[in-house]
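can you look at this prediction? I've put the sequence above it.
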Amino acid sequence: MAAPTRPGSDVLVTLRGLRPTLVPSLRRVADLVLDDPHRAAGSTITELAHAAGTSETTVLRLCRELGVRGYRDLRVALAAESGWEQGRVDSPVGGDIGRSDDLDSIITTVTVTDQQAIADTSRILDRVALAAAVAATAAARRIDVFGVGASAVVGLDLQQKLHRIGLIAYQWSDTHAALTAAALLDERDVAIGISHTGVTRDTVEVLSEAAARGALTIGVTSVPRSPLADVADLLLVTSARETTFRSGATASRIAALSVVDVLFVAIAQSRYDSAVAALDATREAVSIRRFPQPWSDDGPLPVEEAPR
């Protein structure tokens, strides 16, 4: 059966990104909407305001924050999006793990959450910012990538990929080393900061230092109104839903990995011939470190030489 068509407004995705930056009264309304968008779509503005312990004016302020014209438009968007999500799986998309959930439930929740993180990110990714990031990175003298914790894993993935196609790229997770590297950048360089929350002080301060030195700065975050976004010339926004056991973990990392993978592939395409040659050369360089496979032209290993 064909998958249902996703509505184009993506109000829920936008709201998840804005939520961390909202004042408490707006956040209470946002939480009600995100917890049960179908119910929110069926509520009057008075009912939603009362449930959130706030005023109708606050609900209308949230509509403006989301870029919708009024509460009626918000309800229409929520009805469409909640219906689409409920039609995908039997359990709520991105639902939390319960104390008594079995392995099948855990597999479904984790898998659907990760899939949805990539799908949501692909729709909201700013194509204009991405194109500018591709052009700048491909032409840079050097690329420095900054991130700590789980974001360091994403940064290392990007650095290794860029290095394999012949670009001078570094990845820094130690703050002192990162600040030292950022201080040596100039207008010929690109600095990429990765932070799911956008509030990691280490990454924000390093990217700010790079900007002060004249480097073009790129931010990868799920929060478009964050300190990281404030210091980034170009912003690539991700989308991920996190649960009790997965805060700062796989869903957010997979969303960021999908963005840096798109960035890398687009850069490689812009340098097609040299990128293919570099990939072939690096693949050949490590081929000797692999055992021949039974299905390869080299044939199977003799029994006495087979790895144990």
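Great, that's in hand. Only a predicted model underlies this, so the values are computations on that prediction, with no experimental measurement involved.

give me the sheet partners of the helix or strand where Val145 lies and which way each runs.
Using DSSP states H and E, Val145 falls within strand 143-146. For strand 143-146, the paired strands and their directions (DSSP bridges) read strand 169-172 (parallel), strand 190-194 (parallel).

after that strand, which helix or strand is next?
Immediately after strand 143-146, counting by DSSP H and E, sits helix 150-164.

starting at the chain centroid, how far to that next one?
Relative to the chain's own centre, helix 150-164 is displaced by 14 Å; criterion: Cα atoms, centre = their mean, to the nearest Å.

what's the angle between that helix and strand 190-194?
Interaxial angle of helix 150-164 relative to strand 190-194 (axes from the mean of the first three to the mean of the last three Cα atoms, to 10 degrees): 150 degrees.

packing partners for helix 150-164?
strand 143-146, strand 169-172, strand 190-194, helix 250-270, helix 272-287 (3 or more Cβ pairs under 8 Å, 6 or more residues apart in numbering; DSSP states H and E). Every C-beta, even on glycine, is put in place using the N, C-alpha and C of the backbone.

distance to Glu47 and mean pLDDT added to those, as CSV?
Below are the helices and strands packed on helix 150-164 laid out as CSV (distance: least, Cβ to Cβ, whole Å; pLDDT from 0 to 100):
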stretch, distance to Glu47, mean pLDDT
strand 143-146, 45, 98
strand 169-172, 50, 96
strand 190-194, 40, 97
helix 250-270, 31, 92
helix 272-287, 56, 91
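
check the ones you listed for me and report the most buried one.
strand 190-194 (a mean of 31; mean count of other Cβ atoms under 10 Å).

quick one: that strand to helix 250-270, angle?
Using the same axes, to 10 degrees: strand 190-194 against helix 250-270 is 160 degrees.

just how off-centre is strand 190-194 within its chain?
Its chain's C-alpha centre and that of strand 190-194 lie 14 Å apart, by Cα atoms, centre = their mean.

buried residues, the next helix or strand after that strand. List them.
Counting by DSSP H and E, the next helix or strand C-terminal to strand 190-194 is helix 201-212. Going by neighbour count (16 or more other Cβ atoms under 10 Å), the buried part of helix 201-212 is Asp202, Thr203, Val204, Glu205, Val206, Leu207, Ser208, Glu209, Ala210, Ala211.

many thanks, have a good one.
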